[in-house]
Each structure stands twice: as structure tokens, then as C-alpha cells.
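S.K.: below: sequence and its predicted model.
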Amino acid sequence: MRLLKIVMPVVLLAGLVCAQEKPPADNGYDAVIIPVKTLTGDSFDRLVKLLQVFQVRMQSDEKLRTIVVYAPRDVVDKMRKVIAELDQPSSEAAIGRNIDMTLTFLKASTKAATTPSTLPADMEAVAKQLRANTQYKDIQLWDTLPLHLQEGKETQETLRLPSGNAIAAGYSTVGQVNIRPEGVTRKDSGRFVRFSTVRISFRVPYATGSFNSGTGNAQASTQYQYMEVGLTTSGDFMEGQKTVLGKVSGVDDETSFFVVISLKVLD
């Protein structure tokens, strides 16, 4: 009995040492975190659905833009390649929903209007808010631009806006619009469109003086030059809500332009 008491601990200790030295079994599986750099919102969800074809354990987080995969190494490598191909602007995953958007351009002046300005009914609330929160008293409709956008694709548009007396002299305000909706997202308050780029620039004519041709009965003509102005922004804009993108300084201290965005996601 004493011999057993001595030998048993030695055997147990030897077995414990052998168990510690034995390397863990390698089953060929890896747990990896794959970042998603471009796609968000519905585009991110479409990417995750496409990856289900691999039939592996996978978790995704759109806010963190990550996909966690537990799968054989060769499958992980294939998934990395697929994500790299689809995580691009204009890829099959990026291009999704159609979006109808309207840009409304308002001309604002610090001078009170001599005659009441007429605004579309849906712009009255915006004008009221601008009058209450800025120094501008006269808000007039300058022009509107309807756009049809597609999630994941950049849209460019050129427009000519009313320019008053400058038109008669051959000058007009030219606007250039560059917009890329990155993805449609859902929040508690509703659906939003996330724009990675909203860039609007104007070439606005302004009077610099007058001249005449030198003949006796010639009338003086107004000289014009162009001023380059614009705005660049990005962010989430709510469906069904009118949002003032920002102010564009005008050609003088009394006048500025405001750009208002409204949009609808087409299901």
C-alpha cells in the first residue's frame, strides 16, 4: 500500500506533463476579421447575403464595417477575394436602390422684398425658418433640379439658372452638380440616404461696369465677369424631409443662395 502511494503521484504527474507538451489539434479553421471599407447600409447587407453562398459561420456589423468569419483557411481566402471585388464603388453589391431627389435653389437677400415673393407651398416652411434664423428677409425661388440617382453610382448634372439682365448680354449662371449616394440606411426615425459626395458649384455673372462703342448714338452696355462659388458636403439625409444643405455666398454682401434637398427612396 505504501508503494502505491508513492508511485501513483509520479504517474499522474508524468501524464500531466505529457498533456501540456502536446500541441493543440489544428483542424485547418481560422477565425478572422475582414474589414469592409466602402459599402454601408443596404449595400453592406447585400454583400453579407452574397457571402452566404460559402455556408460558413459568419457574423457581420454594419456600424463597425466588419465581417467575422470562422471557416477553413482556403474558404477564408476565397471570401477575402470576393469581398475585395465587391467592396468597390459601382460593384454589384454597391449599386442598388433608385432614388428620386430634388434640389431647390433659393435666392436670399438681406433687403426686404418690394413685392411679396411667391414660393411653392412646400418651400414656405423652409423660407420661414431661414428668415427666423438668418439676416435674410427676402427669400425667392431661383430654380429647381430633379435628379434620378442610383445607390452606389455618381451622378453629374449641368444646369443654367436665371441670371436677370446678364442673360441679355450673353451671360448666364451655370451650375455643376456632382452627387454620389453611398447607401440607404435605416434608423428609428426612418430611412436615410448616406451621401459620400455632394458638390455643387456655380459660375455667377456680375456687373463690373459699363462701356459704349464710341459711336454718337450708341447706348452704354454693361460689362460682366464671372465669380466661382459653391459648396461641398456629405452625410445622412432623411427621406421625406427637406434639408438645407448650406449657404453659398453671392456676388455681393446682400445676396446669398441656399440649396435645399428632398428625396425619396424607390422600393
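M.R.: Okay, I see it.

S.K.: wait, V260 touches K247, no?
M.R.: No: between V260 and K247 there is no contact under CB atoms under 8 Å: 11.2 Å. Glycine gets a C-beta too; all of them are placed from N, C-alpha and C.

S.K.: the two: which is more packed in?
M.R.: Using other CB atoms under 10 Å as the criterion, V260 and K247 rank with V260 on top: 19 against 16.

S.K.: and the more buried one, how far from A112?
M.R.: From V260 across to A112, the span is 22 Å (CB to CB, to the nearest Å).

S.K.: check K264 too.
M.R.: Counting by CB to CB, the gap from K264 to A112 is 35 Å.

S.K.: neighbour-wise, which of those two wins?
M.R.: More neighbours surround K264 than the other of K264 and A112, with 14 against 7 (other CB under 10 Å).

S.K.: which ones are touching the more buried one?
M.R.: With contact taken as CB atoms under 8 Å, 6 or more residues apart in numbering, K264 is in contact with I99, D100, M101, E239, G240.

S.K.: for the last one, give its distance to A94.
M.R.: When you say that, I think you mean G240. With CB to CB as the criterion, G240 and A94 are 24 Å apart.

S.K.: in strands only, show me the contacts of K264.
M.R.: I99, D100, M101 (DSSP state E).

S.K.: got those as a markdown table, with distance to A125 and pLDDT columns?
M.R.: Formatted as a markdown table, the ones in strands among the contacts of K264 follow (distance: CB to CB, whole Å; pLDDT from 0 to 100):
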| residue | distance to A125 | pLDDT |
| --- | --- | --- |
| I99 | 23 | 94 |
| D100 | 20 | 96 |
| M101 | 19 | 96 |
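
S.K.: buried ones only from those residues, please, as a ChimeraX command.
M.R.: Burial among the ones in strands among the contacts of K264 is assessed by 16 or more other CB atoms under 10 Å; the matching ChimeraX selection reads:
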select :99,101
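
S.K.: closest to the centroid, which residue in this structure?
M.R.: Centroid check for the chain by CA atoms, centre = their mean gives F195 as the closest residue, at 0.8 Å.

S.K.: pretty sure that residue is touching V177, no?
M.R.: No: F195 lies out of contact with V177 (CB under 8 Å); the separation is 11.9 Å.

S.K.: ok, so of the contacts of K264, who is nearest E228?
M.R.: Nearest to E228, judged by CB to CB, of the contacts of K264 is M101 at 24.2 Å.

S.K.: need the contact list for the closest one.
M.R.: Counting by CB under 8 Å, 6+ apart, the residues that M101 touches are P146, L147, H148, L149, I179, I261, S262, L263, K264.

S.K.: now, which of these lie within helices?
M.R.: Of those, none are assigned to helices by DSSP state H.

S.K.: quick one: the strands in the stretch 101-250 of the chain?
M.R.: 138-150, 155-161, 173-187, 190-211, 221-238, 243-249 (DSSP state E, counting those that start in this stretch).

S.K.: possible to save those as CSV with distance to A71 and mean pLDDT?
M.R.: Formatted as CSV, those follow (distance: least, CB to CB, whole Å; pLDDT from 0 to 100):
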stretch, distance to A71, mean pLDDT
strand 138-150, 33, 93
strand 155-161, 38, 91
strand 173-187, 26, 89
strand 190-211, 30, 86
strand 221-238, 33, 88
strand 243-249, 43, 88
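
S.K.: which among the ones you listed is found nearest to D30?
M.R.: Closest to D30 of the strands of the stretch 101-250 of the chain, according to CB to CB: strand 173-187, at 28.8 Å.

S.K.: roughly how far is that closest one from the heart of the chain?
M.R.: Computed by CA atoms, centre = their mean, to the nearest Å, the chain-centroid distance of strand 173-187 equals 6 Å.

S.K.: likewise stretch 97-116?
M.R.: Distance of stretch 97-116 from the chain centroid (CA atoms, centre = their mean) equals 21 Å.

S.K.: for stretch 182-191, same thing?
M.R.: 12 Å.

S.K.: now the end-to-end length of that stretch.
M.R.: Here the two ends of stretch 182-191 are set 14 Å apart, with distance taken as CA to CA, to the nearest Å.

S.K.: now do the buried residues in that stretch.
M.R.: Buried positions in stretch 182-191, judged by neighbour count with 16+ other CB under 10 Å: E182, G183, V184, T185, R191.
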